[in-house]
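Trainee: Would you be able to build a 3D model of this:
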Amino acid sequence: MTQDDPTGPASDTLELERPVPEAQAVGVTEALAAPPAAADPTGTAGAQPAIETEAGAPQLIPPIHPIPLPLITRNVTGRYDGQLGAFKLELRVDLDGAHPLNMLSGDFFSTVGATTSYFGSFTVDAPVVTRTPTQIIARGLGRFTFGAGAPVVQVTIPRRNIFFPPAPATVQFFTTGGSPGATYVCAFQGVGLRRVNIETDRVSDVVTPVFNSYDTGLLPSGGPARTLSVVGAYAEAGIEMAPTSGSDVINLAEAGPNHTWSDAELHASMVRHFSLYRNAPDWSVYQLVCQLHDLGPSLYGIMFDQIGFQRQGCAVFHAGIGGTTSDKLRLQLYTYTHELGHCFNLLHSWQKSLANPPGVDRPAALSWMNYPWNYPGGAAAFWSAFPFQFDGPELAHVRHGFRNTVIMGGDPFAVNSAILDPQSVVAPLRDDSGFRIAVEAQHKSYALGEPVVVKLALSVTDKRGKVAHPHLDPRTSMTSIVIKKPNGEVVAYEPFVDHLVDAQPQFLADGEVIEESAYIGHGAGGLYFDRPGTYLVRAIYQAPDGSKVVSNAAEVRVRHPVNAADEELAELLIGEQQGVLFSLLGSDSEALDDGNKAFDQVLAKHAKSPLADYVQAVRGVHLARTFVIVDDSKPGRVQVRKPKIDAAQELLSQATAGDSRIDDLSKVSFLKKLARAQAKAGDDTGSAATLNRAQAIRPARQAR
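Mentor: Numbering: from 1, shown residues only. Presented below is the predicted three-dimensional model:
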């Protein structure tokens, strides 16, 4: 074994516990099959006692042979740890028990001096398994994240009955030619293939109980009836979820006077209250139980943590899912488990092709990660067949995916999902969906650094009309966006925050159009239009019956800067923090100070530039709402930045003027936000005037 290859040959093997030899194991089994003989000081324990007959002749009692009880053998599936020199191996064995996948996997860690670092991972997808009465041997060729000199993995585990502690696993590595490499002896740690700490906090205004458990037999389903909690659901998936003692009740004041949560406020709350938060890869996850999001009661849950080290936090909203009836408890179990699934880097069932490596889309999957209303046949068909579990590929991911693709704070959500060429995503040979989805760039060309917004339009081709999901924004995951960059790289756009919303199906008549604008310049994958050139954008709409409706390929051209002012503007607008501010429509968070300073420079030095319209709009929307700042040095102290309606009105008036670069749909959305803020502040006259401006830009009948 070398310092750069933990699988290579080594001069010694450090054993944490020696396996029981086969002969000894057999002897132990036989000994337990019959009770031990009683102590006999005369030394005749084996003799049979005698009785006398009436004639006085002794007669032996017939021997009584005890019937051996069948011995229950322990399962070997579980988590094991071992050390060899500077390397530590965390092994996962998945060969028996509930839903076995016949897989092996592990993570290596290396210690140098006083520091230990993650080194790499491996997975054996289909080992050859040999079972004898005394041991289990699994052997196969592994897939490694590094160049392994001995990639063949063999795991040997003695079989023990339940009266003995679990046996250790001996892990041997071999070259493809059969030469031995390193050997690790790994002690059993637990039946969960991975162990994750979970902290659940509740906001003070949640009026219904935080979810505890649901009896799956109360309503029709496709699985066996049992009582399931969130911890139990993940235990069935092979994951040990360990609740922490650091749970808090979050003061509603942190959501501001409107008593609803924005995505920025959720992230700030997680950083403040998650007792295990490290902003680094860690097997710890945070779930916040809230009452209401800014988007209203149709939003059930979100995985909101996509800043820095991602996937560490999610939230659920009881305004839509709260209650104690059977259907509400079922919905809570589903929503809590679904959002945590995103924290494990699981995509929706119909979006698996967006993963890296790409999977197969499974819109008919009976999985936690599907939407009931997206299932063929609708929600009723889904619930009646749903077994309350992840599907097979999802189980393989959470149990055996390489560490950084699964661990919270590891790889970004759906990172590098370069799997679809927009030119190759053509309409199917036959499309009977009855829908048409169109994508259109708002401008013929964009300046470098300008936020890219596209218009999405859904209509029907069926003269009778169709029932449609009205949500087109990719944040709801019912419409996917695929982008081909100028260098040929193809990526799937991933929204900065993914929203689980009620489907809210509506009838779409012939001739009607549902239109939405979507900012796609920044998302979970960072900045998508960060270089000059021509991009291609396609949209894929997920119809209620599972049909995939593919749009046209829209061309988005990003221009080269032509002068020094253009170059300076591009530098001020292109940046991760600026992208986050555009995604969140502003924030006062200290973590985004550099982005806000760049926006200050845009307004100070380039106020007459058309690109300043976007910054004015973001600032205006943000100033129209309340923002809460918590002083961590003074527990319980919060500073509320009240809405600045006059400043917001001035900024939005300039940003939504007739010659603005901002599209009409976005203008109407921004003005409606201002009108609501004015109404809350008691300015009904100003609110009505603002709504009239929005109506003049785009009549309500068209601005659907």
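
Trainee: Neighbours of the residue nearest to I645 when sequence neighbours are not counted, how many?
Mentor: Nearest residue to I645, sequence neighbours excluded (CB to CB, 6 or more residues apart in numbering): A681, at 5.3 Å. All C-beta atoms are positioned from the backbone trio N, CA, C, and that covers glycine. By the criterion of other CB atoms under 10 Å, A681 has 14 neighbours.

Trainee: what does the one 3 residues further on give?
Mentor: When neighbours are defined as other CB under 10 Å, D684 has 11 of them.

Trainee: Equivalent analysis for K455, please.
Mentor: As a burial measure, K455 scores 19 neighbours (other CB under 10 Å).

Trainee: Could you give the bridge partners of it?
Mentor: The partner list for K455 in beta bridges (DSSP bridges) reads E440, S517.

Trainee: That one against H443, yeah?
Mentor: No - using CB atoms under 8 Å, K455 is not in contact with H443; the gap is 10.8 Å.

Trainee: End to end on stretch 583-596, go ahead and measure it.
Mentor: 13 Å (CA to CA, to the nearest Å).

Trainee: So what touches that stretch?
Mentor: When contacts are defined by CB atoms under 8 Å, 6 or more residues apart in numbering, stretch 583-596 is touched by residues 262-264, 267-268, 307, 495-497, 519, 522-523, 575-578, 580-581, 618-619, 621-623, 627, 629, 641.

Trainee: Tell me where the stretch 201-350 of the chain has strands.
Mentor: With strands called from DSSP state E, counting those that start in this stretch, the stretch 201-350 of the chain shows them at 214-215, 227-228, 239-243, 249-250, 284-290, 299-303, 313-317.

Trainee: for the stretch 401-550 of the chain, what spans make up the helices?
Mentor: For the stretch 401-550 of the chain, the helices defined by DSSP state H, counting those that start in this stretch occupy 403-406.

Trainee: quick one: contacts for S666?
Mentor: V453, S517, Y519, A617.

Trainee: doesn't V453 make contact with the third one?
Mentor: Yes - the criterion here is CB under 8 Å, and Y519 meets it with V453 at 5.1 Å.

Trainee: can you give me the mean pLDDT across stretch 600-616?
Mentor: The pLDDT scores in stretch 600-616 average 92.

Trainee: Pull out the buried residues from it.
Mentor: By 16 or more other CB atoms under 10 Å, the buried positions in stretch 600-616 come out as V602, H606, S609, L611, A612, D613, Y614, V615, Q616.

Trainee: again with stretch 565-574
Mentor: Neighbour counts over stretch 565-574 (16+ other CB under 10 Å) mark D566, E568, L569, A570, L572, L573, I574 as buried.

Trainee: can you list the residues that contact it?
Mentor: 447-451, 527, 530, 561, 578, 598-599, 601-602, 605-606, 609, 611, 614.

Trainee: With stretch 122-134 instead?
Mentor: 22, 25-26, 29, 95, 102-106, 108, 136-145, 148, 151, 153, 155, 158-159, 400-402.

Trainee: Flag every buried residue along it.
Mentor: With burial defined by 16+ other CB under 10 Å, the residues of stretch 122-134 counted as buried are F122, T123, V124, P127, V129, T134.

Trainee: got it, and stretch 82-99?
Mentor: The neighbour-count check on stretch 82-99 (16+ other CB under 10 Å) flags 82-85, 87-96 as buried.

Trainee: start to end distance for it?
Mentor: Counting by CA to CA, you get 25 Å between the two ends of stretch 82-99.

Trainee: Over to stretch 453-473?
Mentor: End residues of stretch 453-473 are separated by 11 Å (CA to CA).

Trainee: repeat for stretch 199-214
Mentor: The first residue of stretch 199-214 is 20 Å away from its last residue (CA to CA).

Trainee: average pLDDT across that stretch?
Mentor: Averaging pLDDT along stretch 199-214 gives 93.

Trainee: I'd like the numbering to begin with 371 instead of 1 from here.
Mentor: Will do, 371 is the new start, and the previous item becomes stretch 569-584.

Trainee: Show me what counts as buried in that stretch.
Mentor: Using 16+ other CB under 10 Å as the test for burial, stretch 569-584 gives E569, T570, D571, R572, V573, D575, V576, V580, F581, S583, Y584.
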